[in-house]
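Novice: Give me the fold of what follows.
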Amino acid sequence: MNKRHKEWLLNIIGILIVFIFLFPVFWMIVTSFKTQAEIFQTPPTFLPSEWQFGSYQEIMQNDILQNFMNSLLISSLTTLLVLVLAVPSAYGLARFSIRGKELFILLFLVTQMLPATVILTPLFILFNQIGVLNSYIGPILACATLGIPFSVLILRTFFLGIPRELEDAAKIDGCNPLSAFLRIVMPLAMPSIIVCGAVSFFFTWGDLIFSVTFNRSQELWPLTAGIYNAIGQYGIEWNSLMAFATISALPVLIIFILLQKRLVKGLASGAVK
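Specialist: The predicted structure is shown next:
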């Protein structure tokens, strides 16, 4: 097999893999525009015979805007909290000699192995004692507890790859340690910071268990929890359910498309480091 045939084969395999992963997304969007009868039609239709928007109009009447704003608020504040705490923590673990540093890193690794259900009960007891249940604070802190260790581990590896000589040169030019960090290190680490922020946002956007456990009021539920409103009293209305899922996935797709180059750059640079 010559080089050209090998490239064609790899391209075909890549297209097939992309099709397999994107087909559920395509089917979700298409189903949201079908009638309930056409969804159960045999054989199934790949495109609606008659496009209907009633499912979107129906879910718009179920406070989906409130659920959307809840998801946006919780995800944005969680991402901000993760970055504010993870960036200086990762830099400190990478640059300074701290007693017990290896233990901290080990604990961060252990937290990545724990499923959310393991920490659910301890967090519920803690949040009940400090009085943050039935508020946005509970889901934000809970999601941050999983996002911060991941971001610290990723950013620490990147900071270790930045030469100390750059900071030493900045100090010779008159920068103090904080100024050297903000003007030299932060711009270099921005691709990895964007990756950590995006991962934290995506994880929080898809959270369900924390929001339902810590908030009993449906007015505080995000989109993932509000999807219960798309389930009818006498059965599942699949077109409405798929319309709700499409709206839930739309912001994530938009953010990924807008930040695609930066995300790939951050992941690639982190791998090289």
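Novice: Flag the shaky bits of the stretch 1-150 of the chain, pLDDT-wise.
Specialist: Scanning the stretch 1-150 of the chain with the threshold set as pLDDT under 70 gives 1, 62-63.
Novice: State the pLDDT value of Lys273.
Specialist: What the model reports as pLDDT for Lys273 is 46.
Novice: now swap in Asn229 and tell me
Specialist: Confidence per residue is given as pLDDT, and for Asn229 that number is 61.
Novice: Then the one 4 residues further on?
Specialist: You'll see Gln233 listed with a pLDDT of 49.
Novice: Quick one: list the elements packing against the helix or strand hosting Ile20.
Specialist: Ile20 belongs to helix 3-32 when assigned by DSSP states H and E. Contacts of helix 3-32 with other secondary structure elements, assessed using 3 or more CB pairs under 8 Å, 6 or more residues apart in numbering; DSSP states H and E, are made with helix 238-258. Using the backbone N, CA and C atoms, a C-beta is placed for each residue, glycine as well.
Novice: Touching the helix it packs on from outside, list them.
Specialist: Defining contact as CB atoms under 8 Å, 6 or more residues apart in numbering, one finds that helix 238-258 is touched by 25, 28-29, 31-36, 39, 52, 54-56, 58-59, 64, 68, 71-72, 198, 201-202, 205-206, 223-224, 226-227, 229-232, 263.
Novice: do that again at 6 Å, thanks
Specialist: Residues from elsewhere that reach helix 238-258, judged by CB atoms under 6 Å, 6 or more residues apart in numbering: 28-29, 31-32, 34, 36, 39, 55-56, 58-59, 202, 223, 227, 230.
Novice: Alpha carbons of that helix, in PDB - could you do that?
Specialist: Once non-C-alpha atoms are left out, helix 238-258 reads as follows in PDB (Å, rounded to 0.1, in the frame of the first residue of the first chain):
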ATOM      1  CA  TRP A 238     -40.100  12.000  22.700                       C
ATOM      2  CA  ASN A 239     -40.200  15.000  20.300                       C
ATOM      3  CA  SER A 240     -40.400  17.400  23.200                       C
ATOM      4  CA  LEU A 241     -37.700  15.500  25.100                       C
ATOM      5  CA  MET A 242     -35.400  15.700  22.100                       C
ATOM      6  CA  ALA A 243     -36.200  19.400  21.600                       C
ATOM      7  CA  PHE A 244     -35.200  20.000  25.200                       C
ATOM      8  CA  ALA A 245     -32.000  18.000  24.800                       C
ATOM      9  CA  THR A 246     -31.200  19.900  21.600                       C
ATOM     10  CA  ILE A 247     -31.500  23.300  23.400                       C
ATOM     11  CA  SER A 248     -29.400  21.900  26.300                       C
ATOM     12  CA  ALA A 249     -26.600  20.800  23.900                       C
ATOM     13  CA  LEU A 250     -26.600  23.900  21.700                       C
ATOM     14  CA  PRO A 251     -24.500  26.200  24.000                       C
ATOM     15  CA  VAL A 252     -21.900  23.500  24.400                       C
ATOM     16  CA  LEU A 253     -21.600  23.000  20.700                       C
ATOM     17  CA  ILE A 254     -21.400  26.700  20.100                       C
ATOM     18  CA  ILE A 255     -18.700  27.200  22.700                       C
ATOM     19  CA  PHE A 256     -16.700  24.200  21.400                       C
ATOM     20  CA  ILE A 257     -16.900  25.500  17.800                       C
ATOM     21  CA  LEU A 258     -15.800  29.000  18.800                       C
END
